[in-house]
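# no FASTA, just this:
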Ligand SMILES: [Zn+2]
């Protein structure tokens, strides 16, 4: 170990000299090798030292590269913060090295090298001026951090295939009935946005739009009681006059002008007396109906030859798993009704409240958010790390009171304001820093605005109904504004989150 430490020491000195002469990029490769060598030897103090230096080099670089477009007050502020953080991290790394150094002589030498590196800033800045190399911290973190291993693309493809066939089979089964016909399922949620909130158990979520059967319309009534947070609706089923349209069709008698016909039909099972409660569409009844449809249609699917279908219990959606050997995909079907031609639906997902009435349909932004992520993906450079940034944040909040959705909201706000070119892998530390800084400011204000509702800056290709656009944005931190104890707790958890992210970047887990 002693010899190893001496070798490392010599290698670091050599690398520092090389830094003055050769391109930054070439030495980064060598630094990477050194880093891995240190990791394999379990020499975490050395690893911390090397990483500290790398972080510092990177910050110097990013600070310099930010200067040309530094034309606003906000940029000034951000830059100030970065400088502070550089110093903090630098100091922490030095402390860490020093603490170890009390016990080990070699570690003391190492500390000296690291500090030398810090004082060697002029050489590095000259190197930067030459602009002949770029330090991509993302490339180093790519292999250093453990990322979720699921193949989301394959899962999305496989489950979309199954859903396409299901929907076309449902269409055939229901074409002559008086039941709503499910439309093409829309893949929504994290898997279809390209990230995953958990290491395992990916749920592939689909929104299945329902259109009213002929002779009926769904009328949206907003819940104004104020008992349940969010924008929630009831779906009243109303007959519409079909006299002129469907006169020739014997099956289609106008229920408005022939109420006796509707009365007669109500004596046999139809969609109004099986899927509604009173005049309102009932989520739980629709969920049960969907389970029957899925079970009945499965045998027709080619997948049923090799895969096994397991229905999973749920009252407000239809959840199932298809398995083959050790492979399995979990699918969750939410039902929705589209608001006009927009990307906003009311859906069967539960509300924030403990109990959601079966006739209540909360507004969902899942389709709009999925479209936002694909809008970003179209513009972002191929090495964009915005999803990895979100993935890191989401992993860091496990067990903390900040929700996955809060982190996603913050990242969406930032994606909508910071140019896509700033989300490349080399800017990952800035992205993380911006995200937790956004969280800090939101905590201080006790206000985190919803990304879709009331946001005038949502890209135009995402279609919002006028009242969603002009609504007062819901505050995701409303609980903190009402409860001082919760706010104090959240500030402590913010600090914990910061520490966790630093740990993930430094140690990879
Ligand atoms: Zn009529």
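Yep, that arrived. Because the structure is a prediction, the values reported are computed rather than measured.
# does the residue of the stretch 301-450 of the chain found nearest the ion count as helix, strand or coil?
Per C-beta to the ion, residue 337 is where the stretch 301-450 of the chain lies closest to the ion, at 23.4 Å. (Each C-beta comes from the backbone N, C-alpha and C, glycine too.) Here residue 337 is strand, with the state taken from DSSP: H, G, I helix; E, B strand; the rest coil.
# ok now do it, which residues does it touch?
Residues in contact with residue 337 (C-beta atoms under 8 Å, 6 or more residues apart in numbering) are 209-210, 218, 220, 235, 281, 345-347, 361.
# Quick check: residue 373 touching residue 193?
Yes: taking C-beta atoms under 8 Å as the definition, residue 373 is a contact partner of residue 193 at 4.1 Å.
# hang on, the earlier thing: PyMOL command to pick out the buried ones of the contacts of residue 337?
Buried residues among these (16 or more other C-beta atoms under 10 Å), as a PyMOL selection:
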select buried, resi 209+210+218+235+281+345+346+347+361
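# Relative to residue 158, which of the contacts of residue 337 is nearest.
When those are ranked by distance to residue 158 (C-beta to C-beta), residue 209 comes first, at 21.6 Å.
# Can you get me a residue count around the residue nearest to that closest one when sequence neighbours are not counted?
Counting by C-beta to C-beta, 6 or more residues apart in numbering, residue 209 lies nearest to residue 183, which is 4.3 Å off, once chain neighbours are set aside. The criterion is other C-beta atoms under 10 Å. On that basis, residue 183 has 16 neighbouring residues.
# so who does residue 183 touch?
Counting by C-beta under 8 Å, 6+ apart, residue 183 has contacts 167, 208-211.
# Just these: which are in strands?
Residues of the contacts of residue 183 located in strands (DSSP state E): 208-211.
# Residue 496 belongs to a helix, doesn't it?
Yes: looking at residue 496 with three-state DSSP, it is inside a helix.
# wouldn't it be in contact with residue 400 here?
Yes: in this structure residue 496 lies within contact range of residue 400 using C-beta under 8 Å: 6.3 Å.
# List the buried residues in stretch 144-160.
Judged by neighbour count (16+ other C-beta under 10 Å), stretch 144-160 contains these buried residues: 144-145, 148, 152, 155-156, 158-160.
# Same check on stretch 466-479?
Within stretch 466-479, the residues that qualify as buried are 468-469, 471, 474-477, counting by 16+ other C-beta under 10 Å.
# what about that stretch, start to end distance?
End-to-end distance for stretch 466-479, by C-alpha to C-alpha, to the nearest Å: 27 Å.
# Stretch 197-212 now?
End-to-end span of stretch 197-212 (C-alpha to C-alpha): 34 Å.
# Close to the ion: what parts of the protein are there?
241, 243, 254, 256-257 (C-beta under 5 Å from the ion).
# ok, back up a step: so how far is residue 346 from the residue of the stretch 301-450 of the chain closest to the ion?
Distance, residue 337 to residue 346, using C-beta to C-beta, to the nearest Å: 5 Å.
# Find the residues that touch each one of these two.
Common neighbours of residue 337 and residue 346, using C-beta under 8 Å, 6+ apart, are 220, 235, 361.
# any idea of the pLDDT on the last one?
Just to be clear, that refers to residue 361. As predicted, residue 361 sits at a pLDDT of 96.
# and it, what is it in contact with?
Going by C-beta under 8 Å, 6+ apart, the list of residues near residue 361 reads 232-235, 281, 283, 336-337, 346-348.
# Sort out for me which of those residues are in strands.
Those of those lying in strands (DSSP E): 232-235, 281, 336-337, 346-347.
# so where do the strands sit in the chain?
Taking DSSP E, the strands of the chain run over residues 181-182, 186-188, 203-211, 216-222, 232-239, 276-277, 280-281, 308-312, 318-324, 327-338, 345-347, 360-364.
# And these: which comes nearest residue 435?
Closest approach to residue 435 among the strands of the chain is made by strand 186-188 (22.6 Å; C-beta to C-beta).
# Quick one: list the elements packing against that closest one.
In this structure, strand 186-188 makes packing contacts with helix 152-174, strand 203-211, helix 366-379, judged by 3 or more C-beta pairs under 8 Å, 6 or more residues apart in numbering; DSSP states H and E.
# now the shortest one: how far from the chain's centre is it?
If you compare the mean C-alpha spot of strand 203-211 with that of the full chain, they lie 18 Å apart, counting by C-alpha atoms, centre = their mean, to the nearest Å.
# what does the first one give?
How far helix 152-174 lies from its chain's middle: 23 Å, per C-alpha atoms, centre = their mean.
# swap in stretch 438-456?
Once both centres are worked out by C-alpha atoms, centre = their mean, stretch 438-456 turns out to sit 16 Å from its chain's centre.
# Does residue 329 touch residue 204 like I think?
Yes: with contacts counted by C-beta under 8 Å, residue 329 reaches residue 204, the gap being 6.1 Å.
# When these two are compared, which one has more neighbours?
Neighbour count, other C-beta under 10 Å: between residue 329 and residue 204, residue 204 has more, with 23 against 20.
# Residue 306 versus the residue of the stretch 301-450 of the chain closest to the ion, what's the distance?
Distance from residue 337 to residue 306, by C-beta to C-beta: 35 Å.
# cool, residue 504 as well?
Counting by C-beta to C-beta, the gap from residue 504 to residue 306 is 39 Å.
# Flag the shaky bits of the stretch 101-250 of the chain, pLDDT-wise.
Within the stretch 101-250 of the chain, the segments meeting pLDDT under 70 span 101-135, 199, 245-250.
# Could you list the domains of the chain?
2-135, 153-364, 369-507 (automatic domain parsing).
# per-stretch mean pLDDT over the ones you listed, give me the minimum one.
Lowest mean pLDDT of the domains of the chain: domain 2-135, a mean of 48.
# got the contact list for residue 298?
Contact analysis of residue 298 by C-beta under 8 Å, 6+ apart lists 304, 309.
# coming back round to it: overlap in contacts, residue 329 and residue 204.
With C-beta under 8 Å, 6+ apart as the test, residue 329 and residue 204 both reach 155, 159.
# Turn the ones in strands among the contacts of residue 183 into CSV, including distance to residue 228.
Below are those laid out as CSV (distance: C-beta to C-beta, whole Å):
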residue, distance to residue 228
208, 23
209, 23
210, 22
211, 26
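# Quick one, which of the residues of the chain next to the ion are buried?
The neighbour count (16+ other C-beta under 10 Å) marks residue 254 as buried among the residues of the chain next to the ion.
# which residue packs closest to the residue nearest to the spatial centre of the chain, ignoring adjacent ones?
In the chain, the C-alpha nearest the mean C-alpha coordinate belongs to residue 408, at 4.7 Å (C-alpha atoms, centre = their mean). Once flanking residues are discounted, residue 408 sits nearest to residue 390: 6.4 Å by C-beta to C-beta, 6+ apart.
# close enough to count as contact, the one you found and residue 407?
Yes: in this structure, residue 390 is within contact of residue 407 by C-beta under 8 Å, at 6.6 Å.
# measure stretch 469-476 end to end?
Across stretch 469-476, first to last residue, C-alpha to C-alpha, it's 17 Å.
# Now find how far off-centre that stretch is within its chain.
For stretch 469-476 - counting by C-alpha atoms, centre = their mean - the centre lies 20 Å from the chain centre.
# Repeat that for stretch 215-231.
Chain-centre distance of stretch 215-231: 27 Å, with C-alpha atoms, centre = their mean.
# ditto for stretch 220-237
Taking C-alpha atoms, centre = their mean, one finds stretch 220-237 lying 27 Å from the centre of the chain it belongs to.
# quick one: contacts of stretch 363-370?
Under C-beta under 8 Å, 6+ apart, the answer for stretch 363-370 is 186-189, 192-193, 205, 207, 230-233, 334, 336, 339, 343-347, 349, 408, 412, 450-453, 458, 462-464, 468.
# Perfect, that will be all.
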